[in-house]
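Trainee: how would this look folded up:
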Amino acid sequence: MIERAINYYHSLCTDAAGTEIQAVFDKHLVPRHVHFGGRPLATVLRPHFLTVDQYRYIQRECAILAGAFSRAYDALMADPQLRAQMDLMPEEEEAITIDPGFKVPSPTQRIDTFFSHDGTLHCVELNAETPAGMGYQDESSDIFLGLPIMHEFMKRYDVRPLPTRWQMLGLLLQIYREWGGTGKPRIAILDWKEVPTYPEFELFQEYFTREGYESAIVDPREVEYGGGKLHAGDFVIDVIYKRVLGSELLQKGGLNHPVIQALRDRAVCMVNPFRCKLLHKKNIFGILTDEDNQHLFTTEQRRAIAEHIPWTRRVRERRTLFHGQIIDLIPFIVDHRDQFVLKPNDEYGGKGVVIGWESGAEEWSQAVQHALNEPYVVQEKVKIAREDYPALVDGKVQFGERSVDLDPYVFYMQYVGGCLTRLSATTLLNVTAGGGSTVPTFVLEDRQT
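Mentor: Down below sits the predicted model:
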């Protein structure tokens, strides 16, 4: 059904329809904050489609993996030797000792995956700290649903959007109550003013305000703590919706930053807390896939890990198993660059990533040597999902293949609600890296007549 639906949408995407869609994008994307540092985020003319069964499958499998991440977190907190494999900075090690006032270490997450329509699901990263994109997805869904081409398409298919901002607000309120808060909390969206994702903060602030909650976008450099209250100017903060990376906050503000003082005194509730860092580091996939740790997980979790999490190891001199074969890690990955990618243990935006199958032998060997001296992981190559998408080029609709990154949002480490979908003509799918775009994901069913 999904192939039939995509083909039908493409048949509707004439040059005239494409010109009409692009005109809507030109008029609405930037004014409605669907841009990244001034660059409109929708560059193709079709949304991403899933069937109901596909979406349910993704929800089920990601929920199982969320349970595995939870077990890994418990083991990391309990075992300092195991935790050392995550390469926390000393300030991060100190920050995770702060009791956030609630149990779940990473209430909001995004699992970055490749999902192909043949059912293949590969999870390549876990954003357990500051999962972005919810506001963009909600707003672009509204824009796409208003297109005449979608009205025609919906005569044949039922189309269900996957809104997420209401779930994020509900999560913040749930955590605030668990933390001990009462009444309507005042919400601070916390990050640096100069970040290119600032338009999404505006989308969230507008949404929180519409729902009746006072909110403000706050730069960490603007906050003060005194009299048992954290505030930015006259705005008193009850809940921090943390979008700033914990490592950046610690590096720039130190352990005596007003936010950290308020957290220690249980004067403010913050989502996600510093403890999420144990799950955010890329070596969390090494913890899940290492043969030494399989006893931590249930039978069903081990099955899901084997099917969906690529083999990952912290880059260091050691012997380990690779699909049942004992290997010397460093010489093996040097000799098999076409099978692997190197990633910094704690970076974002594609920074420092080296793709083995796109590298020369000397370049790859040097990258491995560099990774031995810095916190890096090596990860096995997975199948990248690809689909054709229409775009308007010089007034004509052209179809081109895009890599498709489908990133389900996980709330309270239990359930999936919505997805970020990113597209790119290159291997590295990352908007921060300067390429690619985002489109909303819709769940489809045949319309009953």
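Trainee: could you count how many residues lie near residue 95?
Mentor: Residue 95 has 22 neighbours, counted by other Cβ atoms under 10 Å. For every residue, glycine as well, the C-beta is placed using N, CA and C.
Trainee: for it, which non-adjacent residue is spatially closest?
Mentor: Of all residues not flanking residue 95 in the chain, residue 274 sits nearest, at 3.8 Å (Cβ to Cβ, 6 or more residues apart in numbering).
Trainee: how near is the one you found to residue 22?
Mentor: Plainly put, residue 274 is 44 Å away from residue 22 if you go by Cβ to Cβ, to the nearest Å.
Trainee: residues making contact with stretch 46-61?
Mentor: With Cβ atoms under 8 Å, 6 or more residues apart in numbering as the test, stretch 46-61 has contacts from 1-2, 5-6, 9-10, 13, 113, 115, 117, 119, 121, 141, 144, 162, 304, 307-308, 387, 389-390, 404, 406, 408, 415-416, 419, 421, 439-445.
Trainee: same question, stretch 203-210
Mentor: The contact list for stretch 203-210 (Cβ under 8 Å, 6+ apart) reads 33, 134-136, 138-139, 165, 168-169, 187, 189, 214-217, 241.
Trainee: re earlier: of the contacts of stretch 46-61, keep whichever come out buried.
Mentor: 5-6, 9-10, 13, 113, 115, 121, 141, 144, 162, 304, 308, 387, 389-390, 404, 406, 408, 416, 419, 421, 439-444 (16 or more other Cβ atoms under 10 Å).
Trainee: tell me where the longest helix sits in the chain.
Mentor: If you go by DSSP state H, the chain has its longest helix at helix 52-78.
Trainee: what mean pLDDT does it have?
Mentor: For helix 52-78, the mean pLDDT works out to 97.
Trainee: buried ones in it?
Mentor: Applying 16+ other Cβ under 10 Å to helix 52-78 flags 54-55, 58, 61-73, 75-76 as buried.
Trainee: next helix or strand past the longest strand seen in the chain?
Mentor: Longest among the strand segments of the chain by residue count, using DSSP state E, is strand 396-411. As assigned by DSSP states H and E, the chain's next helix or strand after strand 396-411 is strand 415-424.
Trainee: that next one pairs with which strands, and in what direction?
Mentor: Strands adjacent to strand 415-424 in the sheet, as given by DSSP bridges, are strand 396-411 (antiparallel), strand 437-439 (antiparallel).
Trainee: quick check: what element follows the shortest one along the chain?
Mentor: Next in sequence after strand 437-439, counting helices and strands by DSSP H and E, comes strand 441-446.
Trainee: so what touches that next one?
Mentor: So strand 441-446 is contacted by 1-2, 5, 47-52, 55, 137, 141, 144, 156-162, 406, 418-419, 421 (Cβ under 8 Å, 6+ apart).
Trainee: enumerate every residue touching the closest residue to residue 134 other than its chain neighbours.
Mentor: Counting by Cβ to Cβ, 6+ apart, the nearest residue to residue 134 once its immediate chain neighbours are dropped is residue 164, at 4.0 Å. Residues in contact with residue 164 (Cβ under 8 Å, 6+ apart) are 134, 137-138, 409, 417-418.
Trainee: could you flag which of those are buried?
Mentor: Buried among the contacts of residue 164 by 16+ other Cβ under 10 Å: 134, 137-138, 409, 417-418.
Trainee: which SS state does residue 316 fall under?
Mentor: coil (DSSP: H, G, I helix; E, B strand; the rest coil).
Trainee: mind checking pLDDT for it?
Mentor: 96.
Trainee: what about it, distance to residue 45?
Mentor: Distance from residue 316 to residue 45, by Cβ to Cβ: 46 Å.
Trainee: looking at those two, which one has more neighbours?
Mentor: More crowded of residue 316 and residue 45, by other Cβ under 10 Å: residue 45, with 27 against 14.
Trainee: the stretch 101-250 of the chain: helices as residue ranges?
Mentor: 134-145, 148-153, 165-179, 198-210, 246-253 (DSSP state H, counting those that start in this stretch).
Trainee: of these, which approaches residue 232 most closely?
Mentor: Distance to residue 232, taken as Cβ to Cβ, is lowest for helix 198-210 among the helices of the stretch 101-250 of the chain, at 13.0 Å.
Trainee: chain center to that closest one: distance?
Mentor: The chain centroid and the centroid of helix 198-210 are separated by 18 Å under Cα atoms, centre = their mean, to the nearest Å.
Trainee: for that helix, the averaged confidence score.
Mentor: 96.
Trainee: just the C-alpha atoms of that helix, please, in PDB.
Mentor: The C-alpha trace of helix 198-210 is given here as PDB (Å, rounded to 0.1, in the frame of the first residue of the first chain):
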ATOM      1  CA  TYR A 198      16.200  29.300  18.000                       C
ATOM      2  CA  PRO A 199      13.100  29.400  15.700                       C
ATOM      3  CA  GLU A 200      11.900  26.200  17.200                       C
ATOM      4  CA  PHE A 201      12.100  27.700  20.700                       C
ATOM      5  CA  GLU A 202       9.800  30.400  19.400                       C
ATOM      6  CA  LEU A 203       7.400  27.700  18.200                       C
ATOM      7  CA  PHE A 204       7.400  26.100  21.600                       C
ATOM      8  CA  GLN A 205       7.000  29.400  23.400                       C
ATOM      9  CA  GLU A 206       4.000  30.300  21.300                       C
ATOM     10  CA  TYR A 207       2.500  26.800  21.900                       C
ATOM     11  CA  PHE A 208       3.000  26.900  25.700                       C
ATOM     12  CA  THR A 209       1.400  30.400  25.800                       C
ATOM     13  CA  ARG A 210      -1.600  29.300  23.800                       C
END
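Trainee: could you find the closest non-adjacent residue to the residue nearest the centre of the chain?
Mentor: Centroid check for the chain by Cα atoms, centre = their mean gives residue 110 as the closest residue, at 3.7 Å. Closest residue to residue 110 apart from its sequence neighbours, by Cβ to Cβ, 6+ apart: residue 131 at 3.4 Å.
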